[in-house]
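> here you go, sequence then predicted model.
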Amino acid sequence: MGHSAGDISHWFAQLYPDGLPPARPSLSGAVEADVCIVGAGYSGLWTAYELRRADPGLKVVVVEAEIAGFGASGRNGGAVIALLQGTREQWARRGDRAGAIALEREIIHTVDEVGNVIRREGIDCGFSKNGVLEVARSAGELEHFQRMVERDREWGFGPEDYAMLDAAQTRDRIAVAGVVGARFSPHCASIHPGALVRGLADAVERAGATIYEGSPVIRIDPGRAVTASGEARARFVIRATEAYTDSLESHRRRIVPVHTSMLVTAPIPDELWAPIGWSGREALLAEHPFLHLQHTADRRITIGGDDNRVPYRYGSRPSPLGRAPSRVAEMYRAELIRLFPSLREIGIERSWQGVFGAPRSWMPGVHLDRSSGLGWLGGYVGEGVAPSNLAGRTMRDLILGRDSELTHLPLVGAPPRRWEPEPLRYTGAAVIGALRSVGTRRELRTDRPSRLIELGNRLAGYKGHG
C-alpha cells in the first residue's frame, strides 16, 4: 500500500482527487467461510456478487492485496465489449461448433447483463450501450474486416450483430482521418471502469460478502488462502488474481503479465469535437498498431493498447506502476493526432500503466475441481470487462453444483498448461517483443500489416479473436 498520485489511473484520480480511500480492514487471524475468493477485481467481485444473490446463506469472503479494483479492473479502457480472446475455431475445438456459437451468443448477452446489474445496484458509471467500430484506414485493413464479416455470416451472425460500413457511413459516426470503412457491432457499452469496480465492491458488501483489503495472499492450498497475517479457510478457494498470479508461490507460471498504458486528453471543447463527430460515443478500435479509444462522458478521449516498447520482466514480475514511459506516451499521442488531426493542440492530462494476464493458451477459462475445492477464472488477455461477468456467473453455477447452460460452455475446462520456465520464458518474450516492436514501427511507416507481428504472435501461440 502507500501509493503516490502517479500510481493511479485517470479513473481513480477522478473518483479520489484527494488520494486513495482508506483500505477496508485486512485479514488477521483465521476466518471461516464457504467460499474464499482471492482478488477483488472484476472476476472476484462478480463471482462474490452472484454467489450471494443466488444463495444468501453462503459465507463468502474476498481477499485483496491492495484495494478493490486497483489493478487492471480500474485501469482499462472502459469498453464492455462482447469479445472473447481466441478464434471461433479454437473454441469449437474445446467443444464443438454449436458450443462456440452458444459461447459467443452468451458473451453478447453479457453486455446487457452488466447493464442490468449497474441499474439494479444504482452504480453511477456512465453505462452507455452505443456499439463498437473497428475502423479500416487502408485497403488491406478493409479487406480484412470484410473477410471477418463474411465469416460472421458463415457462423450464423447477421447484420444485427456485425455489419460493414463504407467510408461515408463510418465518417457519419466518427470522422477518422483516412478512414475507408469499418466493421460495426452494437454489442458494446462504454463505462467509467473505476466507478464500476468500486461500485461493484460496494454492491458485494451490500449482498452480504466480506472484502479484506491490504492482504496479499502468498499461498493457496485446498481449503485455505494464506496471507502474512492470517488465513481464510473455506470449502472452495477461487483464484481471481490475473496478472499478479505469479506472486503466489503455489501458482508459478500460470499467468504472465502483459504491459499496457493509456492516456487521457483534457476536456475537448465543442469546436474541436465538431470535425470529429462521435456523438454516439461508440467504442473505437484501430489496427496497426492496435489501439482502443473511448469518448468519455465528460468529453475527453482515452487511448491505449498493448505496449511492445515495455519489455517483459524476468520472472513474470509486473511492470512498475506510475505514468506511461515517455516513449510510449509520445507514440499514443502521435496516433491520436493521426486519427484526429484537429486535436493537435489538445493537452494530455494524464497517463498511467497497468498489466493484464495471459495464460499459455491466450484464451480465458473457468475451472473448478470439486475434489480439492480449488478454482480459477480469468485469462482474458486484455478483454475482461464483459468476459469477467460471464466467468463469474459460470463459477457461481459450478460452485453451487448447477447443471446449467453456462457450465456446458467451452469456457469451462481444465486450466491451460503452465508457461515455460525461466530463462526460456524471458528469452522467448524478448524475441517476440523485438519482432512485434520492429513490426509496429514498420506498420506505422508503411500503413500495411507487418509479417513480423504475425510471426511474433505465432511464436507466442496467440491467435487473436474472431
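Structure received.
> count of neighbours near G122?
9 (other Cβ atoms under 10 Å). Placement of C-beta: from N, CA and C, glycine included.
> tell me how far it lies from V204.
Separation of G122 from V204 (Cβ to Cβ, to the nearest Å) stands at 14 Å.
> would you say D202 is within a strand?
No. Under DSSP: H, G, I helix; E, B strand; the rest coil, D202 sits outside any strand and is assigned helix.
> near it, how many other residues are there?
15.
> repeat that for G401.
Using other Cβ under 10 Å, G401 has 9 neighbouring residues.
> how about I238?
32.
> would it count as being in a strand?
Yes. Residue state for I238 (three-state DSSP) corresponds to a strand.
> quickly list what it is bridged to.
Following DSSP bridges, I238 is listed with bridge partners I37, G375.
> hmm, G373 and it touching each other?
No. Counting by Cβ atoms under 8 Å, I238 does not reach G373; the two are 9.0 Å apart.
> show me where the stretch 201-350 of the chain has helices.
With DSSP state H, counting those that start in this stretch as the criterion, the stretch 201-350 of the chain has helices at 270-273, 326-339.
> residue contacts, the closest residue to E383 other than its chain neighbours?
Leaving out its chain neighbours, the residue that sits closest to E383 by Cβ to Cβ, 6 or more residues apart in numbering is L83, at 5.0 Å. Listed by Cβ atoms under 8 Å, 6 or more residues apart in numbering, the contact set of L83 reads 107, 383, 386-387, 465.
> of those, which belong to helices?
If you go by DSSP state H, the contacts of L83 have 107, 386-387 in helices.
> now these as TSV including neighbour count and pLDDT?
Compiled in TSV, the ones in helices among the contacts of L83 are given as follows (neighbours: other Cβ atoms under 10 Å; pLDDT from 0 to 100):
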residue	neighbour count	pLDDT
I107	22	98
A386	26	98
P387	27	97
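> which one of those residues is nearest H10?
Closest approach to H10 among the ones in helices among the contacts of L83 (Cβ to Cβ): A386, at 20.9 Å.
> quick one: low-confidence ranges for the protein?
Residues of the chain that meet the criterion pLDDT under 70 lie in 1-6, 306-320, 421, 423-450, 452-466.
> thinking again about what came up before, in TSV: the contacts of L83, plus distance to S26.
Formatted as TSV, those follow (distance: Cβ to Cβ, whole Å):
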residue	distance to S26
I107	35
E383	31
A386	31
P387	29
H465	38
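> out of these, the closest to H192 would be?
A386 (15.4 Å).
> just checking, that closest one touches I108?
No. Between A386 and I108 there is no contact under Cβ under 8 Å: 9.1 Å.
> give me the common contacts of the two.
Common neighbours of A386 and I108, using Cβ under 8 Å, 6+ apart, are A82.
> only C-alpha atoms, please: export stretch 41-60 in CSV.
Only the C-alpha atoms of stretch 41-60 are listed here, as CSV (Å, rounded to 0.1, in the frame of the first residue of the first chain):
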residue,chain,number,x,y,z
GLY,A,41,-11.0,-7.2,-9.4
TYR,A,42,-14.0,-7.7,-11.7
SER,A,43,-13.6,-11.5,-11.7
GLY,A,44,-13.6,-11.9,-7.9
LEU,A,45,-16.3,-9.3,-7.3
TRP,A,46,-18.7,-10.7,-10.0
THR,A,47,-18.3,-14.2,-8.5
ALA,A,48,-18.9,-13.0,-4.9
TYR,A,49,-21.9,-10.9,-6.0
GLU,A,50,-23.5,-13.7,-8.0
LEU,A,51,-23.0,-16.3,-5.2
ARG,A,52,-24.6,-14.1,-2.5
ARG,A,53,-27.6,-13.3,-4.7
ALA,A,54,-28.1,-16.9,-5.6
ASP,A,55,-27.6,-18.2,-2.0
PRO,A,56,-27.7,-15.6,0.7
GLY,A,57,-26.8,-18.3,3.2
LEU,A,58,-23.3,-18.7,1.8
LYS,A,59,-20.5,-17.1,3.7
VAL,A,60,-18.3,-15.5,1.1
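> and the residue lying closest to D369 once chain neighbours are set aside, how far is that from R224?
Excluding its sequence neighbours, the residue lying closest to D369 (Cβ to Cβ, 6+ apart) is G375, at 7.0 Å. The gap separating G375 from R224 is 14 Å, by Cβ to Cβ.
> what of R24?
Going from R24 to R224 by Cβ to Cβ gives 20 Å.
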